[in-house]
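Asker: Need the 3D shape of this:
(2 chains)
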Amino acid sequence: MASVPSLAVSGGAAAAAIPVADARRLPPSSVAIADKVSSYSRSLQSVNKGGSESPLRPLDVEEAMGMLREGKTVQSAIYVPLLHQCAESGSHSAARAVHGHMVKTGTDADMFVDTSLVNVYMRCGACEDARRLFDEMPETNVVTWTALITGYTLNSQPELAVEVFVEMLEAGRYPSHFTLGGMLNSCSSLYNVELGKQVHGYTIKYGAESITSMGNSLCRLYAKAGNMESALRAFRRVPDKNLITWTTMISACAEDENYVELGLSLFLDMLMDGVMPNEFTLTSVMSLCGTRLDLNLGKQVQAFCFKIGCQTNIPVKNSTMYLYLRKGETEEAMRLFEEMDDVCIITWNAMISGYAGYAQIMDTAKDDLHARSRGFQALKIFRDLNRSAMKPDLFTFSSILSVCSYMMALEQGEQIHAQTIKTGFLSDVVVNSALVNMYNKCGSIEDATKAFVEMPIRTLVTWTSLISGYSQHGHPQQAIQLFEDMRFAGVRPNEITFVSVLSACSYAGLVNEAERYFDMMKHDYKIEPVVDHYGCMIDMFVRLGRLEDAFIKRTGFEPNEAIWSSLVAGCRSHGNMELAFYAADRLLELKPKGVETYVLLLNMYISKERWHDVAMVRKLMKQEDLGILRDRSWITIKDKVYFFRANDKTHDQCDDLYQLLENLLEKAKMIGYEPYQNVELSETEDDEKPASGSVKHHSERLAVALGLLETPPGATIRVTKNITMCRDCHSSIKLFSLLANREIIVRDSKRLHKFRDGRCSCGDFSALL
DNA sequence: GTCCATTAAT
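Answerer: Next comes the predicted model:
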């Protein structure tokens, strides 16, 4: 955050700028403040415990309005309840009306009322009005300054808050503990711990550290920046922990999965301490249950919510609903959603991202069919949202774009792109990165580039996303060029950027460049290479057939399942079976976790008729209890999605599809296609067994055939597949693209294959089954 | 009489 002045630098060391040393002018005794705060917190606790005494007198707005209407001479204090009400309803126009009235009655020069008005304007989002009033006030005090500072943070302009704070110090005013607390919150919003630490220092100097609200702000500051240990230290140092102290710490724990258990034990400590949780606390505890994926506990918390009567509170319902979604209990989540008569955009977002997130969980659990249907649900909810009165925000757009990426739903993605432009959300960095990612995953590098060029803001993630797009789409030179452009633009690459660049070099066989970038990463950017970086280097040598170079023992990393698999596949396709078997042995020592890895090995051993090894691999597969490899593909045509299994016979146009494939394979044979005798992917499901004598078709070939039949000539065909393509499908679809003169995109579990004119963007050196 | 801390979604 270059725009934020450091206290230590601005005004020649701010330590000197705050005239703390003058003992006669020290701010109010911190002890007195602490007393006041803790007595307030006690009465608050008594309210929460069901005590009858309310610490706040109800505001008599009616009475005040009546007096104003009658044109009575008013005391300035009469405006205060009115202003409170304006702030509560966030009504800017009401605030201006009251302000106008104040000018008429000549009350506008009262510092106290004006300060309240500054606060009210800020709460209505009218920063300019607040600042103008502040500048016109004949007299201001520390409270007025504080209202301005907290107001800017409230309106998402924490940089301005810091500027005003510095302005205040330069004007020789003393901050109060409210001011410092406000500053700590500005630092939290800026994620600027360094600045926050300096404010923390002043807090200690002023003896205000033991004030509860101060400790609360400190917890928040450190927790938000991910520094949980400092947050806990600050938490422990709060002598009078109140409801908010506990809630702050519990909610912080809910954001860091390593602290979930601690969060729960804090919740219990809080109850033991006799502090009654409120809806804020229970929302955070519910979100702890979500991170823990603990529905039983969640139900207990739900019961607690009923007990204290906050079960209809929107955040409480949102977090409960989200927990059910994360556990896959969509019916219950939907029921909660439908019975909510008051929703907010976060409700919709929780539904969309709940479905989207669960889709991804299902996907890794290899239940692709379920995953798809969750993806569709997410898209449907997004459509419902657009028909409702609510407006999507940046969370909505980034979630739904990730759903489109996953589903390869280019058309919906394009519509959402248009919507982000219309609503101005494209300027958000997360949204625009999600957009580049969407076009990449949908196989349209042209649109990704166009979106990138037109973007108002680019970040590390956007650049990296497009670099990786070029690399995956088989445009290594552009990837490398873009990487250089990125450095030229002054954006610092991270370890993921280097994976993309190295994989581009690997694709193009640019050994010298790869080694140069590898060194650049280590020396210029001080990024320690990890297994993925070594993997790119090894892939490069494998592609080039320099197998000995690929096997050279490198220090600093242990080859993983992916690397040994790639070596097995690479050595095999270069015909070096000795090395292939060696790599296979190393792979087996790792006890691989992926079904595909075993199928790769099975295929190799079967093709070399090493039956002993075949039996051994099958036995291992049983031991590891990995289940069978299910082969599934999807194609979207005009908003409708078609699903295929291997040798699927359930489709309406089944006969046409098989006929078309037969014709294409015949023609392909005439231009050099040789069927590649592959084993079945694994024990196939019973209904997937081909009729004896007929050709076996994996799911993607059937999906491609449907695309050829059902889309207009020249249209791109987009298919997604749940597992890695096999060699036979790869080589045949390559020729289909030439014979039918179509661009065919198949995104499998490992990468994107863009077939065009008989070639594939992967360069044929992907680890195929 | 004016300013004060906590919640759900990428």
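
Asker: in stretch A:235-244, what's buried?
Answerer: By neighbour count with 16 or more other Cβ atoms under 10 Å, stretch A:235-244 contains the buried residues A:235, A:238, A:240-244. C-beta coordinates here come from the backbone N, C-alpha and C atoms, glycine included.

Asker: Sorry, wrong one. I was asking about stretch A:288-295.
Answerer: Across stretch A:288-295, burial judged by 16+ other Cβ under 10 Å covers A:288-292, A:294-295.

Asker: Ok, stretch A:750-761 next?
Answerer: Going by neighbour count (16+ other Cβ under 10 Å), the buried part of stretch A:750-761 is A:750-756, A:760-761.

Asker: same thing with stretch A:309-320?
Answerer: When burial is assessed from 16+ other Cβ under 10 Å, stretch A:309-320 yields the following buried residues: A:310-311, A:313, A:315-320.

Asker: distance between that stretch and the chain's centre?
Answerer: Relative to its chain's centre, stretch A:309-320 lies at 23 Å (Cα atoms, centre = their mean, to the nearest Å).

Asker: First-to-last residue distance for it?
Answerer: Start-to-end span of stretch A:309-320 (Cα to Cα, to the nearest Å) is 15 Å.

Asker: shouldn't A:Arg492 be in contact with A:Asp524?
Answerer: No - at 10.0 Å, A:Arg492 and A:Asp524 do not qualify as touching, with contact defined as Cβ atoms under 8 Å.

Asker: out of everything not next to it in sequence, what's closest to A:Asp613?
Answerer: Distances taken as Cβ to Cβ, 6 or more residues apart in numbering place A:Tyr605 nearest to A:Asp613, at 4.2 Å, with adjacent residues excluded.

Asker: Now do the same for the one you found: helix, strand or coil?
Answerer: Under DSSP: H, G, I helix; E, B strand; the rest coil, A:Tyr605 falls in the helix class.

Asker: What score does it have for pLDDT?
Answerer: Listed pLDDT for A:Tyr605 reads 91.

Asker: Now do whichever strand or helix holds A:Tyr79, average pLDDT.
Answerer: Assigned by DSSP states H and E, A:Tyr79 belongs to helix A:79-89. Taken as a whole, helix A:79-89 has a mean pLDDT of 87.

Asker: So what's the gap between it and the chain middle?
Answerer: Worked out by Cα atoms, centre = their mean, helix A:79-89 lies 38 Å from the chain centre.

Asker: in it, what counts as buried?
Answerer: Buried residues in helix A:79-89, defined by neighbour count with 16+ other Cβ under 10 Å: A:79-87.

Asker: Out of the residues you listed, flag the one nearest to A:Ile204.
Answerer: Nearest to A:Ile204 among the buried residues of helix A:79-89 is A:Ala87, at 32.3 Å by Cβ to Cβ.

Asker: Next one: that closest one relative to A:Asn155, how far apart?
Answerer: 13 Å (Cβ to Cβ, to the nearest Å).

Asker: Common neighbours of the two, please.
Answerer: Counting by Cβ atoms under 8 Å, 6 or more residues apart in numbering, A:Ala87 and A:Asn155 have no contacts in common.

Asker: can you confirm A:Lys422 is in a helix?
Answerer: Yes - under three-state DSSP, A:Lys422 falls within a helix.

Asker: Relative to A:His101, how far out is A:Leu626?
Answerer: 75 Å.

Asker: do A:Ala584 as well
Answerer: A:Ala584 is 85 Å from A:His101, where distance means Cβ to Cβ.

Asker: follow-up on the earlier one: ok, and which of the buried residues of stretch A:235-244 reach DNA strand B?
Answerer: By Cβ under 7 Å from any atom of the strand, the members of these lying near DNA strand B are A:242-244.

Asker: could the residues you listed be laid out in JSON lines, adding secondary structure?
Answerer: Below are these laid out as JSON lines (three-state DSSP):
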{"residue": "A:Asn242", "secondary structure": "coil"}
{"residue": "A:Leu243", "secondary structure": "helix"}
{"residue": "A:Ile244", "secondary structure": "helix"}
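
Asker: residue contacts, A:Leu323?
Answerer: Residues near A:Leu323 by Cβ under 8 Å, 6+ apart: A:286-287, A:289-290, A:295, A:298.

Asker: One more pass at 7 Å, please.
Answerer: For A:Leu323, the contacting residues are A:286, A:289-290, A:295, A:298, by Cβ atoms under 7 Å, 6 or more residues apart in numbering.
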